[in-house]
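Asks: Predicted model and sequence follow; I will ask about them next.
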Amino acid sequence: MLAKKVAIDLGTTTVLVYIPKKGIVINEPSVVAVSVADKRVLAVGKEAKDMIGRTPDTIVARRPLKDGVIADYHTTEAMLRYFLNKALGSIRFFRPEVMVAVPGGITSTERRAVIDATIAAGARAAYIIKEPIVAAIGADIPIGSPSGHMITDIGGGTSEIAVISLGGIVSSSSVRIGGNKLDLAIQEHVRRKYGLAIGERTAEEAKIRIGSALYLENKLEMEIKGRDMISGLPRIVGISSDDITDAIQHELHGIIDTMKEVLRNTPPELSADVMEKGVVLSGGSSQLRNLDRIISEATGIPAFVADEPQYCVAKGTGVALENLDSYKRSILGNS
């Protein structure tokens, strides 16, 4: 067993690299800092994320993936090469086999771009597998059984919703709403209500610290710093969890409406299975307080957050890569 196998969850906001028997070896933001003059990559991952919103004119910190698909090919390739080298060491005799998880709604051109970028970054073979399938595997759902299982994977750029039976997707949909859209909604709300411009990192921090999908009885509060829209000077404002709840309602209902659409397109036998077993939530953004409750109330189906939801896709991709034969039907292969 000389050739290494590597599973990658190529997310809009985070890249996770999983190596079988070692587990998750890399968990870093999918951000690359590039110098404007010669397009040289200066920093990748956490180091580059710290630069967002703080760079001089000569440096751009950008996310090469948008809504789960490659928006900037060369930067994505550089990022993949960096993470592969970091995970495996830059001196290696064998090129690894790499499996990458991609959104369910990906087009064949977008799929080709992922394969080409992975091979160019140093992989011997690249396999592509759809996120809902691997999220379900990572959440310990027995996807091969002849009964319906519903998974909702809410990431940074997209939410993937699917009903799975016999190892395949029966009904699915992908909506370009995720953690990033929630952060933008919070920025917009704070600007409208308090006349304060805040950065995306501040919005994300507020969402994690005090955010909730439903109004909380015991409100959480925090102070945020930003720029006053009128005077242009720095200002501190106190906000509560209700502000976050107000800000993100529209986006959350977008995810719930997509879940309802998937359920409407599910055969009745499988609908009955889903009703009985409930819907499993995975992805980093599924950790939002009370998200399971708002989904249960809106759909009438019990909702559960998977264990370590942010790692489900990476772990599931690793399992699929170790058992290629068992999951052959689910893999989109090299085509």
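Replies: Here it is on my side, so go on.
Asks: only C-alpha atoms for contact and neighbour calcs from this point on.
Replies: Noted.
Asks: what comes into contact with the longest helix seen in the chain?
Replies: Looking across the chain with DSSP state H, the single longest helix is helix 241-264. Contacting residues not belonging to helix 241-264 are listed as 152, 159, 161-163, 171-175, 177, 181-182, 185-186, 188-190, 206-207, 210-216, 219-221, 271, 295, 298-299 [C-alpha atoms under 8 Å, 6 or more residues apart in numbering].
Asks: And the next helix or strand past it?
Replies: helix 268-277 (DSSP states H and E).
Asks: hang on, the earlier thing: of the contacts of helix 241-264, keep whichever come out buried.
Replies: Among these, those classed as buried by neighbour count (16 or more other C-alpha atoms under 10 Å) are 152, 159, 161-163, 171-175, 177, 181-182, 185-186, 188-190, 206-207, 210-216, 221, 271, 295.
Asks: Excluding chain neighbours, what is closest to residue 240?
Replies: Once flanking residues are discounted, residue 240 sits nearest to residue 221: 4.2 Å by C-alpha to C-alpha, 6 or more residues apart in numbering.
Asks: who's in contact with that neighbour?
Replies: Residue 221 touches 210, 238, 239, 240, 241, counting by C-alpha under 8 Å, 6+ apart.
Asks: Tell me which residue lies farthest from the centre of this structure.
Replies: In the chain, counting by C-alpha atoms, centre = their mean, residue 231 sits farthest out from the average C-alpha position, at 36.9 Å.
Asks: That one in helix, strand or coil?
Replies: Following DSSP: H, G, I helix; E, B strand; the rest coil, residue 231 is assigned to coil.
Asks: For it, what are phi and psi?
Replies: Main-chain torsions, residue 231, degrees, to the nearest 10: phi -80, psi -20.
Asks: which residues sit in contact with it?
Replies: Taking C-alpha under 8 Å, 6+ apart as the definition, residue 231 has no contacts.
Asks: tell me the pLDDT at residue 3?
Replies: On pLDDT, residue 3 comes in at 60.
Asks: Domain map for this structure?
Replies: Residue ranges for the domains of the chain, per automatic domain parsing: 5-133+313-330, 143-177+252-309, 179-247.
Asks: remind me which residues of the chain are low pLDDT?
Replies: The chain contains residues with pLDDT under 70 at 1-3, 91, 329, 332-335.
Asks: make it 50
Replies: Across the chain, the ranges flagged by pLDDT under 50 are 1-2, 333-335.
Asks: Residue 94 - how many residues pack around it?
Replies: Applying other C-alpha atoms under 10 Å, we find 12 residues neighbouring residue 94.
Asks: Report the separation between it and residue 125.
Replies: Using C-alpha to C-alpha, to the nearest Å, we find residue 94 at a distance of 11 Å from residue 125.
Asks: again, but for residue 186
Replies: 41 Å.
Asks: before we move on, what about residue 253?
Replies: From residue 253 across to residue 125, the span is 40 Å (C-alpha to C-alpha).
Asks: try residue 14
Replies: Counting by C-alpha to C-alpha, the gap from residue 14 to residue 125 is 23 Å.
Asks: These two: who's more crowded?
Replies: Using other C-alpha under 10 Å as the criterion, residue 14 and residue 125 rank with residue 14 on top: 23 against 16.
Asks: re the thing from before, in helices only, show me the buried ones among the contacts of helix 241-264.
Replies: 181, 182, 185, 186, 188, 189, 190, 206, 207, 210, 271, 295.
Asks: Could you pull up the contacting residues of residue 113?
Replies: Neighbouring residues of residue 113 by C-alpha under 8 Å, 6+ apart: 70, 73.
Asks: What ranges does the chain have for its helices?
Replies: Under DSSP H, the chain gives helices at 46-49, 73-88, 108-120, 131-138, 179-194, 200-210, 241-264, 268-277, 291-299, 312-322.
Asks: so which of these is the most packed in?
Replies: helix 131-138 (a mean of 28; mean count of other C-alpha atoms under 10 Å).
Asks: helices or strands up against that helix?
Replies: strand 97-102, strand 149-154, strand 159-165, helix 312-322 (3 or more C-alpha pairs under 8 Å, 6 or more residues apart in numbering; DSSP states H and E).
Asks: can you give me the offset of the last one from its chain's centre?
Replies: On the basis of C-alpha atoms, centre = their mean, to the nearest Å, the separation between the geometric centre of helix 312-322 and that of its chain is 15 Å.
Asks: Equivalent analysis for stretch 74-84, please.
Replies: The answer for stretch 74-84 is 18 Å, by C-alpha atoms, centre = their mean.
Asks: residues in contact with it?
Replies: 17, 26, 30, 32, 41, 44, 64-65, 70, 117-118, 120-122.
Asks: Any chance of these in CSV with distance to residue 85 as columns?
Replies: Listed next are these as CSV, based on distance: C-alpha to C-alpha, whole Å:
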residue, distance to residue 85
17, 11
26, 11
30, 15
32, 15
41, 15
44, 12
64, 18
65, 20
70, 20
117, 14
118, 12
120, 13
121, 9
122, 9
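Asks: for those, which one is nearest residue 129?
Replies: Closest approach to residue 129 among the contacts of stretch 74-84 (C-alpha to C-alpha): residue 118, at 13.4 Å.
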